[in-house]
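Okay, predicted coordinates and the sequence, questions at the end:
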Amino acid sequence: DGTVVTMADQRWNTYIDCGGLDTIISASKDNGKTWEYTYANYLGDNGDVYEGDFVDGKKNGKGKYTSFDGSYYEGEFKDDLRHGKGKLVTSDGGVYEGEFEKGVKSGQGKYSYPNGDIYEGGFLGDLRHGEGKYVWANGETYTGEFANGNMNGYGIYTWPTGRASYTGYFKDGVIVVVED
């Protein structure tokens, strides 16, 4: 059908990209007149590894980026940034599964903290934002509004000890007492 495929290992300019080694796969559907490039992987000198789709020399599409510290992101990329749905595992054991926009957690997602706490709900700019539910490892829960990473707005806080729950307003993570 006129498709030509080639592969090569390429060491880039060591001054600009720290000497990373890339495997490049190219395909031409018109007997070599025009080429479409895909970088199958990127091996940085710092130990980072990227395996996935590249378009115009940038991470675009699906891929997995593993950092030298063991943390990794697997999911969708756009213009070298996490963008779309994906899973981020941090070096300390935290796990986020959800939506990203321009490299940060944004949209709906679930974050499981290394200490056993779990938050599920909205994110904006890497922070808890919008409607969500936070469950502490000790059994306490908060369901309600978040802003700037904290309980902000109307919500329900429940203690696991059988103590009555609080329903009302919060500001920066603290109960707001409204006097009549």
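The structure has been received and is ready for your questions.

how far does stretch 33-50 stretch from start to finish?
29 Å (CA to CA, to the nearest Å).

That one - what's its average pLDDT?
Averaged across stretch 33-50, the pLDDT comes to 66.

Closest to the centroid, which residue in this structure?
Leu88 (4.7 Å; CA atoms, centre = their mean).

so that residue touches Val95, yeah?
Yes. Leu88 is within contact range of Val95, at 7.3 Å (criterion: CB atoms under 8 Å). Every residue, glycine included, has its C-beta placed from N, CA and C.

if we can go back for a sec, and the pLDDT at the residue nearest to the centre of the chain?
Note on Leu88: pLDDT of 98.

now it, what's its secondary structure?
Assigned with DSSP: H, G, I helix; E, B strand; the rest coil, Leu88 falls in the strand class.

I'd like to know which helix or strand in this protein has the lowest mean pLDDT.
One helix or strand of the chain scores below all others by mean pLDDT, DSSP states H and E: helix 14-17, with a mean of 46.

What are the buried residues along stretch 67-85?
Residues of stretch 67-85 classed as buried under the neighbour-count rule (16 or more other CB atoms under 10 Å) are 71-78, 81-83.

what's the first-to-last distance across it?
Distance between the boundary residues of stretch 67-85 (CA to CA) amounts to 19 Å.

so how far is it off the chain centroid?
Put simply, stretch 67-85 sits 6 Å off its chain's centre (CA atoms, centre = their mean, to the nearest Å).

contacting residues around it?
Residues from elsewhere that reach stretch 67-85 (CB atoms under 8 Å, 6 or more residues apart in numbering): 46-48, 52-53, 58-66, 86-91, 98-104.

ok, now with 6 Å
When contacts are defined by CB atoms under 6 Å, 6 or more residues apart in numbering, stretch 67-85 is touched by residues 46-48, 58-60, 62-66, 86-91, 99-100, 102-103.

from those, which would you call buried?
48, 59-60, 63-66, 86, 88-90, 99-100.

out of these, who's nearest Glu179?
Lowest distance from Glu179 to those (CB to CB) belongs to Glu99, with 39.9 Å.

which SSE is the closest one in?
Here Glu99 sits within strand 95-101, counting by DSSP states H and E.

Quick check: neighbours of that strand in the sheet, parallel or antiparallel?
Sheet pairing for strand 95-101, assigned by DSSP bridges, gives strand 81-89 (antiparallel), strand 104-112 (antiparallel).
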